[in-house]
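# Need coordinates for the below:
(one chain, ligands or ions: 1)
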Amino acid sequence: MTTIIPGSTSQALAAAVADELGGTLTVPTYRRFSDGETLAAIPAFDDSEAVIVASTATNDAHIELLQLQDAAREAGAETITTVIPYLGYARQDKAFKEGQPISVRAVAKAISTGTDRVLLVEPHEPAVTDFFSVPAEPIGAAGLLAEPLSGLDDPLFVAPDEGAIELATTARDAYGEGTVDYFEKHRDRDTGEVELTPSDAPVEGRDVVVVDDIIATGGTMSGAIAVLDGRGAADIYAVCVHPVLAESALTKLSAAGVERVIGTDTLETAVSDVSVAPAVAAKLTE
Ligand code: R5P
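Numbers count the residues shown, from 1 in each chain. Now for the predicted structure:
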């Protein structure tokens, strides 16, 4: 049997994975001390195999994951698999300016010390798996984004930048109908401002699904939606694997004219309508 250990921000997903696997869901305690330090602890267990399911969207979540890994080893787990539904810092995968770190390499090194294997759900770049010193693999989730979509009129699947073309194509293929197009994006690395250059694809009267891996501040997605809305698109759907939804992201999307925002439960939010649990369980049992 396998013991499933949830991070504090992945509790529903970990429970769903435990259900899929028929594993034992353990109940950790998560505490914060008055000096700001945190302490995640788990009850004793007998299984030789532990699976930790923990997204690392915040600095605290990174520390919590390291603590859960250490606690699992301390409890006697012989093999530990770390499933990271959303890997924070994945977008800092190079030093974009002199003096900057490759942040994802730094966190990957730390995570590798406490586990035998890592699984990452739709990482920003699959190549980040190379930064881990234990076997690490991506789990694709873009196809799942089509699950809540139905009855679209002459659908167009749009990637808001070139990096998302594969995701948009996978979502289109899973939906089973429609064409794929993409915008060119330039982000100012100092201000974070996004400039989008749309293609000439006809959108008038068509339902459009904008597909990205992450909606963080919503700048990229709302920029694309505003352009599509201005060109007479019918219903516009914003779909992503990781609904980070920082600051006023949801309001930006509404103001831009979105019909519906759809995300997965790699981050448990109000728009996490799709579960990656079956895909995670399938990978774990491969
Ligand atoms: C960037 O390459 C990513 O794929 C997303 O487009 C980006 O992270 C979204 O960020 P934001 O919502 O802040 O524009």
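# and stretch 221-240, which residues are buried?
By neighbour count on 16 or more other Cβ atoms under 10 Å, the buried set for stretch 221-240 is 221-229, 233-240. All C-beta spots, glycine's among them, are computed from the backbone N, C-alpha and C.
# Any stretches of the stretch 51-200 of the chain with poor pLDDT?
For the stretch 51-200 of the chain, no stretch is flagged by pLDDT under 70.
# and the residue of it nearest the ligand?
Nearest to the ligand in the stretch 51-200 of the chain, going by Cβ to the nearest ligand atom, is Gly163, at a distance of 5.1 Å.
# helix/strand/coil for that residue?
Of the three states, Gly163 takes helix under DSSP: H, G, I helix; E, B strand; the rest coil.
# Pull the contacting residues for it.
Asp213 (Cβ atoms under 8 Å, 6 or more residues apart in numbering).
# what does the stretch 101-250 of the chain put close to the ligand?
Applying Cβ under 6 Å from any ligand atom, we find that the stretch 101-250 of the chain lies next to the ligand at 160-161, 163-164, 194, 212-221.
# Please list the members of the residues you listed that lie in strands.
Using DSSP state E, 194, 212-215 are the members of these that sit in strands.
# For the stretch 151-286 of the chain, which segments are assigned as strands?
Ranges of strands in the stretch 151-286 of the chain, per DSSP state E, counting those that start in this stretch, are 156-159, 179-182, 184-187, 194-197, 208-215, 236-243, 260-264, 272-274.
# okay, the ones you listed in TSV with distance to Phe45 next?
TSV is the format used below for the strands of the stretch 151-286 of the chain (distance: least, Cβ to Cβ, whole Å):
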stretch	distance to Phe45
strand 156-159	43
strand 179-182	46
strand 184-187	45
strand 194-197	46
strand 208-215	34
strand 236-243	30
strand 260-264	28
strand 272-274	28
